[in-house]
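In: This is a predicted model, with the sequence first.
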Amino acid sequence: MADFPGSIFDPRTKAERPGTIYDASKTTIGYAQDVQELDAEVVAIETELGTDPAGDDATVKARLERLENSKYTLFTNKSVKATAYSLTEVSILPAGVGSLDIPAGWFVEGRTLFFRLMGYHNIATPPEWEQFKVKLDANVLLDSGTFNNGATTNKYFELYGQIMCRGVDDNGPFWAQGLIHAPTNAAPQTHLIPLLNTSQASFDKTVELTFDITLKTRGNPVATVVTITNFTLEALMGQN
């Protein structure tokens with residue numbers, strides 16, 4: 001009875017009969033060395049898979065198929081980042097664990113990125129305008145356009161959305177939608193800025209693409225605009 005998948009195979013020691021000389025050209029003769037090499041391959045495969053590789057699924061194949069269509073985290077922040085006014089477009093993403101680099105060819109039809117930023121908006125003197133963009137390298141997927149959010153004092157800030165690959169060719173295409181929730185001091189305080197697309201975007205997905213969210217402002221050059229305390233980038237594998 002097989003030990004695997006409950007435990008890794010521990011083969012019995014085997015040896016050639018005294019006086020036997022191994023000769024690979026003699027294909028009708030079995031040697032202990034041949035069996036030892038097979039044992040080593042079995043142990044290597046089982047060690048690579050680990051014990052109980054199917055987990056709660058019926059088979060390893062079933063588990064792989066489920067994972068292929070599952071959602072998993074690509075990146076989470078481990079620090080807080082405050083971004084001040086800047087006429088130059090700057091990233092507002094804090095440092096963290098994981099990767100913001102999407103591998104070349106990763107996007108296939110149905111694969112989706114989910115992103116969510118949370119923190120607080122704190123502006124004593126409002127800028128003339130502020131503008132947020134969601135990007136993959138230089139490709140702008142979502143653009144808030146310029147808007148004046150008014151004065152805020154530690155008001156909740158949230159930016160979230162998704163980017164979905166909707167095609168099978170090398171350029172996508174992609175659909176992206178999102179929303180900014182940035183309350184103000186003035187009643188009714190709720191301020192929603194749609195990150196709206198009415199058409200698809202196309203760009204080369206056969207190269208590595210780095211995810212980013214940027215901010216550009218015009219106004220007081222020293223004050224902080226937004227502080228990000230929570231950020232996650234997740235992937236839904238979809239069908240391929």
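Out: Good, I have the coordinates. Bear in mind the structure is a predicted one, so any value in this text is a computation, not a measurement.
In: Am I right that residue 37 falls within a helix?
Out: Yes - assessed with DSSP: H, G, I helix; E, B strand; the rest coil, residue 37 lies in a helix.
In: buried ones in whichever strand in the chain runs longest?
Out: The longest strand of the chain (DSSP state E) is strand 152-169. Neighbour-count burial for strand 152-169 flags 152, 155, 157, 158, 159, 160, 161, 162, 163, 164, 165, 167 (criterion: 16 or more other CB atoms under 10 Å). For the C-beta atoms, the positions are set from N, CA and C on the backbone; glycine is no exception.
In: and that strand, which strands flank it?
Out: Using DSSP bridges, strand 152-169 pairs in its sheet with strand 112-123 (antiparallel), strand 172-181 (antiparallel).
In: following the worst-scoring helix or strand of the chain on mean pLDDT, which helix or strand shows up next?
Out: Using mean pLDDT, DSSP states H and E, the weakest-scoring helix or strand in the chain turns out to be helix 60-68, at a mean of 72. Going down the chain from helix 60-68, the next helix or strand is strand 71-77, by DSSP states H and E.
In: relative orientation of that next one and strand 112-123 in degrees?
Out: 30 degrees (axes from the mean of the first three to the mean of the last three CA atoms, to 10 degrees).
In: Strand partners (parallel or antiparallel) of strand 71-77?
Out: Strand 71-77 has these strand partners (DSSP bridges): strand 96-98 (antiparallel), strand 224-236 (antiparallel).
In: Save those as CSV, and put in mean pLDDT too.
Out: Formatted as CSV, the strands paired with strand 71-77 follow (pLDDT from 0 to 100):
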stretch, mean pLDDT
strand 96-98, 95
strand 224-236, 92
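In: Helix or strand for the closest residue to residue 100 other than its chain neighbours, just tell me which one.
Out: Leaving aside its sequence neighbours, residue 100 sits nearest to residue 211 (CB to CB, 6 or more residues apart in numbering; 4.6 Å). In the assignment (DSSP H and E), residue 211 maps to strand 209-218.
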